[in-house]
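Colleague: Structural data only, the sequence is not supplied:
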């Protein structure tokens, strides 16, 4: 059994093709291509941590989840109907569980490569910018590694933040081996990322 991390497919979202310059003519082509990319690497018994923004239309969720390999844990994002900010009463939880997600967690903490690693849809908040979008929902940086989504192609690694959005990883989930290698390499600012402390997504 392998472990994977991914986020931000935005299945069925026509505008995301334009926003992120995705190489697809429409949502049908995009949905199929991302399903194939997922199942090329994820086996049926693997574990997938899904870090939010699965599908724009919640009615598509049961149809799509069933086509994707792996046991999937959902950490909702701002475009998931079960996101804590927009669904505090958990009215949508059953819909996503019935669709095939094993569990739904607002955020999680794992130990990877001997490090404490937080899982959240959003990158760390910038305390200098309280007007930052979703400021209250963003995790507070306490020095731990963070695996997140939301920002799509803005960066792969920024200090101790690892972005697993499909737009940064050729539409494929990221293996735990790749995560371990990044953590073992230490905090990094990739070229061009120095000014992206407050990068936002869609």
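Modeller: Cool, got the structure. Because the structure is a prediction, the values reported are computed rather than measured.

Colleague: Would you state the helices of this protein in chain order?
Modeller: Remark: helices assigned in the chain by DSSP state H are 14-19, 27-41, 61-65, 93-99, 176-185.

Colleague: Turn those into CSV, including mean pLDDT and mean neighbour count.
Modeller: (Each C-beta comes from the backbone N, C-alpha and C, glycine too.) Below are the helices of the chain laid out as CSV (pLDDT from 0 to 100; neighbours: other C-beta atoms under 10 Å):
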stretch, mean pLDDT, mean neighbour count
helix 14-19, 93, 14
helix 27-41, 97, 16
helix 61-65, 96, 18
helix 93-99, 96, 16
helix 176-185, 96, 15
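
Colleague: Tell me which of those lies nearest to residue 155.
Modeller: Residue 155 lies closest, by C-beta to C-beta, to one member of the helices of the chain: helix 176-185, at 11.9 Å.

Colleague: Could you list every helix and strand in contact with the closest one?
Modeller: Judged by 3 or more C-beta pairs under 8 Å, 6 or more residues apart in numbering; DSSP states H and E, helix 176-185 is in contact with strand 3-6, strand 108-112, strand 115-119, strand 161-163.

Colleague: nearest to residue 68, of those strands?
Modeller: That would be strand 3-6 among those, by C-beta to C-beta, at 9.8 Å.

Colleague: The closest residue to residue 62 other than its chain neighbours: what's it in contact with?
Modeller: Excluding the flanking residues, the one nearest residue 62 by C-beta to C-beta, 6 or more residues apart in numbering is residue 99, at 4.0 Å. Taking C-beta atoms under 8 Å, 6 or more residues apart in numbering, we find residue 99 in contact with 61-62, 65-66.

Colleague: From the chain's centre, how far out is stretch 62-75? Work that out for me.
Modeller: 13 Å (C-alpha atoms, centre = their mean, to the nearest Å).

Colleague: just stretch 120-135 next, same as before
Modeller: 16 Å.

Colleague: Pull the residues that contact that stretch.
Modeller: By C-beta under 8 Å, 6+ apart, stretch 120-135 touches 7, 51-53, 75-78, 83, 85, 107, 137-141, 146-151, 158, 161, 163, 197-200.

Colleague: Give me the distance between the two termini of it.
Modeller: Stretch 120-135 has an end-to-end distance of 13 Å (C-alpha to C-alpha, to the nearest Å).

Colleague: ok, and for that stretch, which residues are buried?
Modeller: Across stretch 120-135, burial judged by 16 or more other C-beta atoms under 10 Å covers 120-125, 132, 134.

Colleague: Ramachandran angles for the residue lying farthest from the centre of the chain?
Modeller: Relative to the centre of the chain, the most outlying C-alpha is that of residue 128, 24.6 Å out, by C-alpha atoms, centre = their mean. The phi/psi pair for residue 128 (degrees, to the nearest 10) reads phi -80, psi -10.
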